[in-house]
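K.L.:
Model the structure of this input:
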Amino acid sequence: MKELKPYLEANKQRFLDELLELLRIPSVSADPKYAGDVHRMALATAEHLRAVGVDTVEIHETAGHPIVYGEKMVDPKAPTVLVYGHYDVQPADPLNLWDSPPFEPVVKKTKLHPQGAIFARGSCDDKGQMFMHVKAFEMMVRNRLLPCNVKFMIEGEEEVGSVNLEKFCKEHKKKLSCDVVLISDTSVIANDTPSLTVGLRGLCYMEVEVTGPNRDLHSGVYGGAVANPVNVLCQMIASLHDPKGRITVEGFYDGVLKVSAKERKLMNEAPFNEKEYMKDLQVNELKGEKGYTTIERTGIRPTLDVNGIWGGYIGEGAKTVLPSKAFAKISMRLVPGQDPKKIEKLFQKHFEKIAPKSVKVKVMPHHGGYPVVVPTNSIEYKASEKAMEKAFGKKPLPQRGGGSIPIVAMFDQVLGVKSVLMGFGLDSDNIHSPNEHYGLFNYYKGIETIPYFFQYYTEMKKKK
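P.N.:
Next up, the predicted model:
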């Protein structure tokens, strides 16, 4: 599709300006005070779809945030690609660690992004990557090179577990019928080393509450006589890993599928510099489950991590208090063979079991998702592989991602279709963290690559 490159070059600044406008909308789905902004982002997304030539655009209200749906059907005999993305973003906290306001995007050069990167919450996850598909669609339509039918489903609750998406998919199964789901919410190994995600870890997200005395106590009067819930919680959390880095929850590893030595060897052939990795994170040592490399730990092994912990007095100055309660949010990344619902029950049982009699514990599940492995011998994968090779000039490496996109397994179960995970971010783009950014190279390269996928996928499906 050489005809599209001039169009991309001629419209690069507009494509960037339009994305910057979307990034100024603080569509934080987790915080109710941003509900109006999330809805405003849904309206803006729908308006962009209409502007680029999507024939039917609908905003579907849910019990939470809206789902934006659109479609353009060009040929009933042609395959149909369903593009999935999300317009909601993570909370920007802690704000003091941002170099610039999270919803006032700025473009500046970095070592990994010499052409410049967009610094803003949602720039990479997932507004920038979602918007690549809108602009790629525009290029194909404007140049009359759209080879197949396209449907868009862009939701506003991915960052809070896509709680209403499965219900929507079940209720609109006919509307969403397609041959493949195309998702850009993952990464490449490096800008000179393209890759395709062939596996995602699942997720089990929990919150725990530890209660001691019926009120906050004076630490001098009661200290040493009454259990401190914060101390107890820390001890309980510390016991969740053994000295070798293995998770101690009974039954946690039951069913975990073993990865072959051949696949482990192939994974570790991906470019990775451990010293540069540590330097980027400013850590002096890496830590994890013994017997596995860093690449393996983040791709094929399950984990358990505390995402937040609080209790007692955390304001300025001192307050000598023995707190009544302590809390923590804990996430477990799961691998093939693990069921998030089963892990949820195992964790709850274990956490209650290890609690001393001096405290009471409450375990509350939030959300989760199943792990996914994508076949590499399918037409869908072969088309995405060929598209990446065409755009980058080299064949992409298959890699398993450490993150979770719970809806991928749901699409397979409910819609009966496989997904292609063709992302363009970098793992170092600080998604979910202060100073999230997305390279201009990556943004434009995604817009260039996506039409190739549509072309090759359509050709391969017709041949079959």
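K.L.:
does residue 81 count as helix, strand or coil?
P.N.:
strand (DSSP: H, G, I helix; E, B strand; the rest coil).
K.L.:
Check residue 271 and give its pLDDT.
P.N.:
Residue 271 carries a pLDDT score of 89 in this model.
K.L.:
part of a helix, is it?
P.N.:
No. Using three-state DSSP, the secondary structure at residue 271 is coil, not a helix.
K.L.:
That one against residue 188, yeah?
P.N.:
No. Counting by CB atoms under 8 Å, residue 188 is not a contact partner of residue 271; they are 11.1 Å apart. Backbone N, C-alpha and C define where each C-beta goes, glycine included.
K.L.:
Compare the two and say which is more crowded by neighbours.
P.N.:
The residue with more neighbours, out of residue 271 and residue 188, is residue 188; 25 against 10, by other CB atoms under 10 Å.
K.L.:
check contacts around the more buried one.
P.N.:
Applying CB atoms under 8 Å, 6 or more residues apart in numbering to residue 188 gives the contacts 194-195, 396, 423-426, 442.
K.L.:
Next, it: phi, psi?
P.N.:
phi -110, psi 160 (degrees, to the nearest 10).
K.L.:
Then residue 90?
P.N.:
phi -70, psi 160.
K.L.:
In this protein, where's the longest helix?
P.N.:
helix 440-463 (DSSP state H).
K.L.:
Just checking the distance from that one to the centre of its chain.
P.N.:
Here helix 440-463 is found 21 Å from its chain centre; the criterion is CA atoms, centre = their mean, to the nearest Å.
K.L.:
export it as PDB, just CAs?
P.N.:
Output in PDB follows, covering the C-alpha atoms of helix 440-463 (Å, rounded to 0.1, in the frame of the first residue of the first chain):
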ATOM      1  CA  LEU A 440       6.000   9.700  17.700                       C
ATOM      2  CA  PHE A 441       7.800   7.000  15.800                       C
ATOM      3  CA  ASN A 442       5.600   4.300  17.400                       C
ATOM      4  CA  TYR A 443       2.400   6.300  16.800                       C
ATOM      5  CA  TYR A 444       3.100   6.800  13.100                       C
ATOM      6  CA  LYS A 445       4.600   3.400  12.600                       C
ATOM      7  CA  GLY A 446       1.300   1.900  13.900                       C
ATOM      8  CA  ILE A 447      -0.700   4.000  11.500                       C
ATOM      9  CA  GLU A 448       1.500   2.800   8.700                       C
ATOM     10  CA  THR A 449       1.400  -0.900   9.700                       C
ATOM     11  CA  ILE A 450      -2.300  -1.400  10.300                       C
ATOM     12  CA  PRO A 451      -3.500  -1.100   6.700                       C
ATOM     13  CA  TYR A 452      -0.900  -3.700   5.700                       C
ATOM     14  CA  PHE A 453      -2.700  -6.100   8.100                       C
ATOM     15  CA  PHE A 454      -6.000  -5.400   6.600                       C
ATOM     16  CA  GLN A 455      -4.600  -6.000   3.100                       C
ATOM     17  CA  TYR A 456      -2.700  -9.300   3.900                       C
ATOM     18  CA  TYR A 457      -5.500 -10.700   6.100                       C
ATOM     19  CA  THR A 458      -8.100 -10.100   3.400                       C
ATOM     20  CA  GLU A 459      -5.900 -11.700   0.700                       C
ATOM     21  CA  MET A 460      -5.100 -14.700   2.900                       C
ATOM     22  CA  LYS A 461      -8.800 -15.300   3.800                       C
ATOM     23  CA  LYS A 462      -9.800 -15.100   0.200                       C
ATOM     24  CA  LYS A 463      -7.200 -17.600  -0.800                       C
END
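K.L.:
Could you give me the buried positions within it?
P.N.:
440-458, 460-461 (16 or more other CB atoms under 10 Å).
K.L.:
Residue 62: neighbour count?
P.N.:
When neighbours are counted by other CB under 10 Å, residue 62 registers 15.
K.L.:
for the one 3 residues further on, same thing?
P.N.:
Around residue 65 sit 24 other residues, with neighbours defined as other CB under 10 Å.
K.L.:
Domain boundaries for this structure, per the record?
P.N.:
With domains defined by automatic domain parsing, the chain comprises 4-200+371-463, 203-256+302-369.
K.L.:
okay, the ones you listed, which one's buried deepest?
P.N.:
domain 4-200+371-463 (a mean of 19; mean count of other CB atoms under 10 Å).
K.L.:
Need the distance between the two termini of it.
P.N.:
This stretch, domain 4-200+371-463, spans 24 Å end to end (CA to CA, to the nearest Å).
K.L.:
again, but for stretch 175-187
P.N.:
End to end - CA to CA - stretch 175-187 spans 29 Å.
K.L.:
what mean pLDDT would you report for that stretch?
P.N.:
Here the average pLDDT along stretch 175-187 is 97.
K.L.:
can you give me how far that stretch is from the chain middle?
P.N.:
Counting by CA atoms, centre = their mean, stretch 175-187 comes out at 14 Å from the chain centroid.
K.L.:
what sits against residue 140?
P.N.:
Contacts of residue 140 (CB under 8 Å, 6+ apart): 4, 146-147, 451, 454.
K.L.:
surely residue 337 meets residue 259?
P.N.:
No. If you go by CB under 8 Å, residue 337 and residue 259 don't touch, sitting 10.5 Å apart.
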